[in-house]
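S.K.: coords please:
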Amino acid sequence: MIRLDNLTKVFDTPKGAVVAADHISMEVPRGEICVLLGPSGCGKTTTLKMINRIVRPTSGKVFINDEDTSGLNTQELRRNIGYVIQQIGLFPNMTIEENITAVPRLLGWDAKRYKERAREMMAMIAMEPDAFLKRYPSELSGGQQQRIGVARALAADPPVMLMDEPFGAIDPINRAVIQDEFLKMQQDLKKTIMFVSHDIDEAIKMGDRVAIFREGKLVQYSTPDDLLAAPKNAFVESFLGEDRALKRLNLVKVREVMSHEIGTVTPDDSLETALQRIDDYGYQNAIVMINDRQRPTGMITRAIARTTKGYCRDHFQGIPAAVHLDDDLRKVASLMFSNDMTWLPCVDDDERIMGQITQRAITHHLGSRHRVAEHSVADQNTGV
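M.R.: Reported below is the predicted structural model:
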């Protein structure tokens, strides 16, 4: 949907020519978010601004939906690209409704249509239309203003959006909320987005792909998991940080790692049966007890099953925690550490038992993924 072909920008300065973007070539598939990441002055914002011609390229081309944009009128180009910036840029003398509908009005939409669109957008960003549409930007908090900025960029339903550190000025709590809301919107909208960030954690969370820049050059362009598993060189590895393996925990869901094989007992089973199943499944410590609706209600420890007689219903312990199939491994690891456990039961949305996840399985998954990605990068570098 977005293709950059040797896009280059050279600025003339009193000290001579400065190459801000050096022959950048990359493609962003339709419906994906690409995050441009790198240290200050690396060329990521310049590259973004060349797409809607806020910065004019020195050479190279920008294609949107396979159309060379160099032949398009600048105003027409910009009206078909949503643009969100860190400073938000709302018009202070306009109401929220007027801000959101600025581009639709320029495009000649009739009043009924653009007013309805404003209400749709407010609902989409989880703000009550009747409470906010007639207010002015100064009457809103910073986080609310940022949401309005996103709504304005989406109002004319552009196929492409550019976002320049859109959440950078918001406090961490509100930033996380807005990021989550935006990702939920993106699941339905499927916009093609280029997104500048200086925050590695944000890039990993928001991006389908991440582009690492250094001194005007595109150094590595990968999925977040490939980037973290196999950085291309020492610069990328250093930029990502020594905890890059832990960052990968955010990218993997429980359903990708869990085992569907899990032994269970019922309240009416004997402790002797529980011990036999612990041994059969090779468990070290305990087995899950479930009720007639397949929901975990407790666990029987090996120590109890081995030294006590009776039934499971009379000797079970509570399960400190369970995880859902779409939880990420960071949450799993946190629960394991805080509860001093090496395994956790996995449940579906109806809280029914679906399997188990272990520390060993997590370690194996991360390690094997690292090796695959490392070999892939090595093959690319050798031309295989």
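S.K.: going forward, measure contacts between C-alpha atoms and count neighbours the same way
M.R.: Fine.
S.K.: can you list the domains in this protein?
M.R.: Recorded structural domains for the chain (assignment: automatic domain parsing) are 2-252, 255-363.
S.K.: From what I see, Ala321 and Phe337 are in contact.
M.R.: No. Ala321 is beyond contact range of Phe337, at 11.2 Å (criterion: CA atoms under 8 Å).
S.K.: Between these two, point out the one with more neighbours.
M.R.: Ala321 (15 against 10; other CA atoms under 10 Å).
S.K.: Kindly state the pLDDT recorded for that one?
M.R.: As predicted, Ala321 sits at a pLDDT of 93.
S.K.: In three-state terms, label it for me.
M.R.: coil (DSSP: H, G, I helix; E, B strand; the rest coil).
S.K.: show me what contacts it?
M.R.: By CA atoms under 8 Å, 6 or more residues apart in numbering, the contact list for Ala321 reads 335, 339, 344-345.
S.K.: rerun that using 7 Å as the cut-off
M.R.: For Ala321, the contacting residues are 335, 344, by CA atoms under 7 Å, 6 or more residues apart in numbering.
S.K.: Quick check: the gap between it and Met299.
M.R.: Taking CA to CA, to the nearest Å as the measure, Ala321 falls 11 Å from Met299.
S.K.: Same check on Asp349?
M.R.: Using CA to CA, we find Asp349 at a distance of 20 Å from Met299.
S.K.: ok, the two, which is more surrounded?
M.R.: Set Asp349 next to Met299 and count neighbours by other CA under 10 Å: Met299 wins out with 23 against 9.
S.K.: how far does whichever strand or helix holds that one sit from the chain's center?
M.R.: In the assignment (DSSP states H and E), Met299 maps to strand 296-301. Distance of strand 296-301 from its chain centroid, counting by CA atoms, centre = their mean, to the nearest Å, is 35 Å.
S.K.: The very next helix or strand once past it - contacts with which helices or strands?
M.R.: Next in sequence after strand 296-301, counting helices and strands by DSSP H and E, comes helix 302-307. When contacts are defined as 3 or more CA pairs under 7 Å, 6 or more residues apart in numbering; DSSP states H and E, helix 302-307 packs onto helix 271-280.
S.K.: Contacts for the helix it packs on, please.
M.R.: So helix 271-280 is in contact with 263, 265, 286-287, 302, 305-306, 309-312, going by CA under 7 Å, 6+ apart.
S.K.: What's the local residue count around the closest residue to Leu240 other than its chain neighbours?
M.R.: Of all residues not flanking Leu240 in the chain, Ile200 sits nearest, at 6.9 Å (CA to CA, 6 or more residues apart in numbering). When neighbours are defined as other CA under 10 Å, Ile200 has 19 of them.
S.K.: quick one: Ile200 from Val332, how far?
M.R.: 21 Å.
S.K.: Repeat that for Glu261.
M.R.: Between Glu261 and Val332 the distance is 18 Å, computed by CA to CA.
S.K.: For these two, work out which one has more neighbours and name it.
M.R.: Val332 (23 against 11).
S.K.: Who does the residue lying closest to that one once chain neighbours are set aside form a beta bridge with?
M.R.: Take Val332 and drop its neighbours on the chain: the residue closest to it by CA to CA, 6+ apart is Val323, 6.8 Å away. Counting by DSSP bridges, Val323 is bridged to Cys346.
S.K.: For Val323, which residues are in contact?
M.R.: Counting by CA under 7 Å, 6+ apart, Val323 touches 332, 344-347.
S.K.: who touches stretch 131-144?
M.R.: Against stretch 131-144 from outside (CA under 7 Å, 6+ apart): 90, 92, 94-97, 145, 170, 174.
S.K.: Sort out which residues of that stretch are buried, please.
M.R.: Residues 132-133, 136-137, 142-144 are the ones in stretch 131-144 that count as buried (16 or more other CA atoms under 10 Å).
S.K.: now, which of those residues sits nearest His364?
M.R.: Distances from His364 to the buried residues of stretch 131-144, taken as CA to CA, are shortest for Gly143 (40.2 Å).
S.K.: you'd agree that closest one is in a helix?
M.R.: Yes. The assignment for Gly143 (three-state DSSP) places it in a helix.
S.K.: Do you know the pLDDT at it?
M.R.: Among the per-residue scores, Gly143 holds a pLDDT of 83.
S.K.: average model confidence for the strand or helix carrying Phe239?
M.R.: Per DSSP H and E, Phe239 falls inside helix 234-240. Helix 234-240 carries an average pLDDT of 92.
S.K.: For that helix, which outside residues touch it?
M.R.: For helix 234-240, contacts defined as CA under 7 Å, 6+ apart pick out 200, 231.
S.K.: Specify the beta-bridge partners of Cys34.
M.R.: Taking DSSP bridges, one obtains Met194, Arg209 as the residues bridged to Cys34.
S.K.: So it is in contact with Arg209, correct?
M.R.: Yes. When contacts are counted by CA atoms under 7 Å, Cys34 is listed as touching Arg209 (4.8 Å).
S.K.: So which of those two has more stuff around it?
M.R.: Cys34 (25 against 22).
S.K.: Quick check: His364 vs Thr358, distance?
M.R.: According to CA to CA, His364 stands 10 Å off from Thr358.
S.K.: Which residue of these two possesses the greater neighbour count?
M.R.: Legend: neighbour count by other CA under 10 Å for His364 and Thr358, higher for Thr358 (19 against 13).
S.K.: what's the neighbour count on the residue lying closest to the more buried one once chain neighbours are set aside?
M.R.: Leaving aside its chain neighbours, Thr358 sits nearest to Trp343 (4.1 Å; criterion: CA to CA, 6+ apart). Residues within reach of Trp343, counting by other CA under 10 Å, total 22.
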